[in-house]
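In: Sequence plus the predicted model coming up.
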Amino acid sequence: MENKTPASTAAPARARITKAACVGGGVIGGGWVARFLLAGIDVAVFDPHPDAERIVGEVVANAEAAYAALTQAPLPKRGALTFHGSIAETVAGADWIQESVPERLDLKRSVLAEIDAVAHPGALIGSSTSGLLPSELQAELQHPERFFVAHPYNPVYLLPLVEIVGGRATAPETIRDAIRLLEPTGMKGVAIDKEIEAFVGDRLLEALWREALWLIKDEICDVETLDDVIRYSFGLRWAQMGLFQTYRIAGGEAGMRHFLGQFGPALKWPWTKLTDVVDLDEALVDRIAAQSDAQNVGLSIRRLEQIRDQNLVGILQALKGGDDGRGWGAGKLLADFEQGLWRQAAASAGTDDSNAPQPLSVRVSPSWIDYNGHMTEHRYLQVLGDATDHVLRSIGVDLAYVEAGASYYTVESHLRHLGEARLGDTITAESRVLSFDGKRLHLFHRLTREADGATIATGEHMLLHVDRASGRTAPAPATILRRIAALAAAQAPEIGKGDTGRAIRPATPPAECATPATPTATRSHRG
Ligand SMILES: NC(=O)C1=CN([C@@H]2O[C@H](COP(=O)(O)OP(=O)(O)OC[C@H]3O[C@@H](n4cnc5c(N)ncnc54)[C@H](O)[C@@H]3O)[C@@H](O)[C@H]2O)C=CC1
Ligand SMILES: C[N+](C)(C)CC(=O)CC(=O)[O-]
C-alpha cells in the first residue's frame, strides 16, 4: 500500500529522548524499557499485569548483565524507571511513546487512541506490532501524523534493528525524527518504503516458519534437528551478512548473475511448500510442544534468555573486530555507539585537573573463561589496558585527542597474577600515577575482586607520548602534564611492598633434573 506523504503537520520532535513511555511491559515492552533505561532515558511504564514490575525488572537485569559484558564504554547514568496506573500518567511529558500490547488490532487501536488523546503535541508514538498495517492502526487517531510502526527484534536491548514504517497519514519528518532519536540508544532505525503486512523481517521469518512447520508436520525431522541445521550453518552466516550479500558470494567470481542463473530454475522445483499453510491442529501442536520440551530440558526461559544474550554479546563483539578491525554490520554499529558513549562521557566529565578517574568495574563474561574454569591470562591484560584507557581519558587523552594526532602508547608492562576471577565476578581496577616526565607516563593498576576485596592482579606499565603521524615520541602538552601531576598527587591506591619495580626471578631446577643444557638461575641470568 503506497504511503501518500501527507502535508507536514507533526510538531517538531525534541533533539533527543529525555523521557520514554512504554505501554505494555511484556517480552518486547520490557526490552524497550531496558534499551531506553540503559541509554540514560527515564521510562514510565503502564501494564495491568499484576507481575509487570517483576517481569520488567527481570528483563532489565538481563539487559544490564548483557551490557556489562558487551562494552567497557561508560553508559550514561541509568534513567529512572516508574510504573503508573493509567496511560495518561504514563505518557505525561514523554517524547517517545512505545506501544507493545498484544497483537490484536482492536486492542491496539483502542490503546493508541487513548495515548494519542493525552500525549503532548511533540511526542512520537510508535507501535511494536509485528505485522499490522500502520494505516489501519492510525485510522482513528486525532494526530496520526506522529504515529508509525517501530518494529523491533527480541531482545530489544541487544538487537539494534527497528523497522520504521509510516502509514498513509504519517508525516515524513516523523520517520526521520524517529530514526534520529533512536541513534543515541544504540539502535538502528531503518525506514521501510511501503507499508505491507509484517513489513520485511517478519515476512521473511514467516516464510521460514511455515516451511519449518511443514517439515515437522511431515516428520522430515524433529525441532531440535531443524534448529541445529539453522544454528550450525546459515544462522552463523546471517549474523554477519544478509541473504543477498551471502548469495552474491555463493555465485562465485561471477557473483549474483551467476547465482541467479544457476539457482533461479530451482524456484520452480518443489523445494518448498511455502504457499500451502500447515494446519496447526492439536496433534501437531502437541508434537511440537513435546519436542521443544525435550530440546530444552532443565532450561528455564530466563536461563535461555541469559544464554542467548551471552551468545549475542560474543557475536556482536566479534563483528566489532570485523573488516580488519573497522567493524562490520552490527559490530560497526556497536563500535560507533561506543565512540558516542566515550565522547558523551568526556564531554560531561570535563577534564579539569582534579578529575581523578573513578575505579573501573567489569564483569567476567563466559568468553573470558578458559579450560581451568577461571579468567584466562590475556583477559587480565585487556582489563589493565581498559584501566589505562580510563586514566588517559581522565587526563584528556580521549578520542578527540587521538584523532587530533597524538596519543600515549604502552611500551612495557609487568603483570602479576595474585588470585583468580571466575564467571560473573565483578572486578574493580584502581589506578595511580607512579611517575612521569615530558614523554613518559608510569602507571600502576590494582585489580580487586568485588565480592571479597581480594587483589587478584596488579599491572605496572610504562607509556610514551607519541606523535601518531611520525610514530615518534613527542613531549606531551602542558595541559596534559598538569592533569597527570594532579593524579600523581592523589597518591591512591596504596602501593604495597613489592607491588612495583619487580622483575621475574628465574627458577632453579631440582638437582636431579639439571643437565648441562638445563638453564639455571645463574647461567640464564648471565644471559
Ligand atoms: N515476542 C516477540 O518476539 C515480538 C513481539 N512483537 C510485538 O510486540 C507486541 C507485544 O508482544 P509481546 O511483548 O511478545 O507480548 P507479551 O504478551 O509478552 O506482552 C504484552 C503485554 O501487554 C500487556 N497488556 C495487555 N493489555 C494491555 C493494555 N490495555 N495496556 C497496557 N498493557 C497491556 C500485558 O499485560 C503484557 O504484559 C505485539 O504487538 C507483538 O507482535 C514485536 C517483535 C517481537
Ligand atoms: C514471531 N514474531 C512475529 C513475534 C517475531 C517478531 O515480530 C520479530 C522477532 O523478534 O523475531
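Out: Nice, thanks for sending it over. Numbers count the residues shown, from 1 in each chain. Ligands and ions are numbered 1, 2, ... in the order given.
In: what's near enough to touch the residue of the chain found nearest ligand 2?
Out: Proximity of the chain to ligand 2 (C-beta to the nearest ligand atom) peaks at residue 130, 3.4 Å away. (C-beta placed from N, C-alpha, C; glycine too.) By C-beta atoms under 8 Å, 6 or more residues apart in numbering, the contact set of residue 130 is 103, 151, 198, 202.
In: for residue 89, same thing?
Out: 44, 46.
In: quick one, phi/psi of it?
Out: As for residue 89, its main-chain torsions (degrees, to the nearest 10) stand at phi -60, psi -40.
In: any idea how far it is from ligand 1?
Out: 13 Å (C-beta to the nearest ligand atom, to the nearest Å).
In: try residue 182
Out: 15 Å.
In: ok, and which of the contacts of residue 130 reach ligand 1?
Out: Among the contacts of residue 130, proximity to ligand 1 is found for 103, 151 (C-beta under 6 Å from any ligand atom).
In: Would you mind listing what in the stretch 51-200 of the chain touches ligand 1?
Out: Proximity of the stretch 51-200 of the chain to ligand 1 is confined to 100-103, 111, 128-130, 151-152, 154 under the rule C-beta under 6 Å from any ligand atom.
In: Tell me which stretches of the stretch 401-527 of the chain form strands.
Out: Secondary structure of the stretch 401-527 of the chain (DSSP state E, counting those that start in this stretch): strands located at 406-417, 426-436, 440-449, 455-467, 472-473.
In: out of these, deepest packed?
Out: With neighbours taken as mean count of other C-beta atoms under 10 Å, these reach their highest mean count in strand 440-449, at a mean of 22.
In: who does it pair up with?
Out: Neighbouring strands of strand 440-449 in its sheet, by DSSP bridges, are strand 426-436 (antiparallel), strand 455-467 (antiparallel).
In: hang on, the residue of the chain closest to ligand 2 in a helix?
Out: No - counting by DSSP: H, G, I helix; E, B strand; the rest coil, residue 130 is not found in a helix; it is coil.
In: Now stretch 264-279 - C-alpha only, PDB.
Out: Extracted in PDB, the C-alpha atoms of stretch 264-279 (Å, rounded to 0.1, in the frame of the first residue of the first chain):
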ATOM      1  CA  GLY A 264      16.900 -19.500 -10.400                       C
ATOM      2  CA  PRO A 265      15.300 -22.600 -12.000                       C
ATOM      3  CA  ALA A 266      15.100 -24.200  -8.600                       C
ATOM      4  CA  LEU A 267      12.400 -21.700  -7.700                       C
ATOM      5  CA  LYS A 268      10.000 -23.700  -9.800                       C
ATOM      6  CA  TRP A 269      11.100 -27.000  -8.300                       C
ATOM      7  CA  PRO A 270       9.200 -28.500  -5.300                       C
ATOM      8  CA  TRP A 271      11.900 -27.200  -2.900                       C
ATOM      9  CA  THR A 272       9.200 -25.600  -0.700                       C
ATOM     10  CA  LYS A 273       5.600 -25.900   0.400                       C
ATOM     11  CA  LEU A 274       5.600 -22.200   1.200                       C
ATOM     12  CA  THR A 275       2.300 -21.300  -0.500                       C
ATOM     13  CA  ASP A 276       0.500 -24.100   1.500                       C
ATOM     14  CA  VAL A 277      -0.300 -23.300   5.100                       C
ATOM     15  CA  VAL A 278       0.100 -26.100   7.500                       C
ATOM     16  CA  ASP A 279      -3.000 -26.800   9.800                       C
END
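In: Which residues in that stretch does the neighbour count mark as buried?
Out: residue 278 (16 or more other C-beta atoms under 10 Å).
In: pLDDT averaged over that stretch - what is it?
Out: For stretch 264-279, mean pLDDT rounds to 87.
In: now stretch 447-459
Out: Per-residue scores along stretch 447-459 average to 95.
In: which residues sit against it?
Out: Stretch 447-459 is contacted from outside by 361, 380-381, 383-384, 387, 413-421, 425-430, 443-446, 499, using C-beta under 8 Å, 6+ apart.
In: Show me which residues of the stretch 151-300 of the chain are close to ligand 2?
Out: Taking C-beta under 6 Å from any ligand atom as the criterion, the stretch 151-300 of the chain approaches ligand 2 at residues 153-154, 202, 205.
In: Could you save those residues as TSV and add columns showing pLDDT, distance to residue 512 and secondary structure?
Out: Listed next are these as TSV, based on pLDDT from 0 to 100; distance: C-beta to C-beta, whole Å; DSSP: H, G, I helix; E, B strand; the rest coil:
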residue	pLDDT	distance to residue 512	secondary structure
153	98	64	coil
154	97	63	coil
202	97	71	helix
205	96	67	helix
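In: ok, the residues you listed vs ligand 1, which is closest?
Out: The closest of these to ligand 1 turns out to be residue 154 (C-beta to the nearest ligand atom; 3.9 Å).
In: got the contact list for that closest one?
Out: 27-28, 31.
In: Neighbour-wise, which one of these leads?
Out: Neighbour counts for those (other C-beta atoms under 10 Å) peak at residue 31, which has 28 neighbours.
In: show me what contacts that one?
Out: 59, 63, 152, 154-157.
In: got a pLDDT number for it?
Out: Model confidence at residue 31 (pLDDT) stands at 98.
In: Please apply the same query to residue 104.
Out: The model reports residue 104 with a pLDDT of 98.
In: ok, it - how many residues close by?
Out: The number of residues packed near residue 104 is 12, by other C-beta under 10 Å.
In: Am I right that residue 388 is in contact with residue 444?
Out: No - with contact defined as C-beta atoms under 8 Å, residue 388 and residue 444 do not form a contacting pair (10.5 Å).
In: Report the set of residues contacting both of those two.
Out: Common neighbours of residue 388 and residue 444 (C-beta under 8 Å, 6+ apart) are 431, 461.
In: Low-confidence stretches in the protein?
Out: By pLDDT under 70, the weakly predicted segments of the chain are 1-13, 349-356, 519-527.
In: now do 80
Out: For the chain, applying pLDDT under 80 flags the ranges 1-14, 345-359, 365-367, 491-493, 514-527.
In: Buried residues in the strand or helix carrying residue 182, which are they?
Out: Assigned by DSSP states H and E, residue 182 falls within helix 172-182. Within helix 172-182, the residues that count as buried by 16+ other C-beta under 10 Å are 173-175, 177-179, 181-182.
In: Please apply the same query to stretch 324-337.
Out: Neighbour-count burial for stretch 324-337 [16+ other C-beta under 10 Å]: 327-331, 333-335, 337.
In: Narrow those residues to those in strands?
Out: The members of the buried residues of stretch 324-337 all map outside strands under DSSP state E.
In: Pull the most distant pair out of these.
Out: Pairwise distances across the buried residues of stretch 324-337 (C-beta to C-beta) peak at 14.4 Å, for the pair 328 and 337.
In: ok so, going back, looking at the strands paired with strand 440-449, spot the one closest to residue 43.
Out: Closest approach to residue 43 among these is made by strand 426-436 (24.8 Å; C-beta to C-beta).
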